[in-house]
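Trainee: predicted model follows, preceded by the sequence.
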Amino acid sequence: MLKANAHAGSDVRSAILAVGQRIMSGKGFSAVGLNEILSAAGVPKGSFYHYFGSKDAFGEALLDSYFMAYLAEMDELLGHSDLPVAQRLLAYFASWKDNQSFSDCQGKCLAVKLAAEVADLSEPMRLALDAGTSGIVSRLTAALADGVADGSLRIDGSPASAAASLYQQWLGASVMVKIVRSTAPFDAALAVTRQLLHLP
């Protein structure tokens, strides 16, 4: 019985996080009240504080959960050993373009949506963002090193500096896409990516 209750508790926590991710990806962190999330999740307000000590603690858990899923998807995309690394990277950035659209991103643009907003509001949330984005850059770094080794791409400078440049390029493009309501910034980012990797 105890295991069933623990499982149910995990499901409730996961449901709150999933609904919060979807809503906050659209509206931001500060603009969303707990009542909106709990109502959409069908969870009584008292239950929230059983799982999260505060809204900030919820935000930290939300970012941790988001990055865990994001990095797992990234590992899957970049882990196709049957493809040259350059093709894997292009597939990753194509997925970025699909998931970070200015229209409904179904919760997959959470980091882009919250980064500027919460970095100055909450140190634990800033640290969660820092850890998550560092995980992305470290995976890009490893992929670039592998791509140089398999001969499918070339870079000027170190894999770490190239990875940081690529991530910053695409993060900036994601912000611009929301401003101009067009995917043109992603097309520009892809062109720069091809140049950085010396791809045709």
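Mentor: The structure has been received and is ready for your questions.
Trainee: C-alpha only now, for contacts and for neighbours.
Mentor: Will do.
Trainee: show me the helices in this structure, by range?
Mentor: For the chain, applying DSSP state H gives helices covering 2-27, 34-41, 45-51, 55-78, 85-99, 110-118, 123-150, 159-180, 184-196.
Trainee: show me what the mean pLDDT comes to for the longest one.
Mentor: Which is helix 123-150. For helix 123-150, mean pLDDT is 96.
Trainee: which strands and helices lie in contact with it?
Mentor: Helix 123-150 is packed against helix 55-78, helix 85-99, helix 110-118, helix 159-180, with contacts defined by 3 or more Cα pairs under 8 Å, 6 or more residues apart in numbering; DSSP states H and E.
Trainee: ok, residue 162 to residue 174 distance?
Mentor: Here the criterion is Cα to Cα, to the nearest Å. By it, residue 162 lies 18 Å from residue 174.
Trainee: looking at those two, which is more packed in?
Mentor: Just comparing residue 162 and residue 174: by other Cα atoms under 10 Å the higher neighbour count belongs to residue 174, 24 against 20.
Trainee: quick one, what contacts that one?
Mentor: 100, 101, 112, 185, 186 (Cα atoms under 8 Å, 6 or more residues apart in numbering).
Trainee: quick one: residue 200 and residue 193 touch, right?
Mentor: No - Residue 200 is not in contact with residue 193 according to Cα atoms under 8 Å; the separation is 10.7 Å.
Trainee: show me the shaky parts of the chain.
Mentor: Scanning the chain for pLDDT under 70 picks out the ranges 1-10, 101-108.
Trainee: if we use 90, what do you get?
Mentor: Flagging of the chain using pLDDT under 90 yields the residue ranges 1-12, 22, 24-34, 43-50, 80-81, 97-122, 174-175, 177-179, 181, 200.
Trainee: how many neighbours does residue 73 have?
Mentor: 13.
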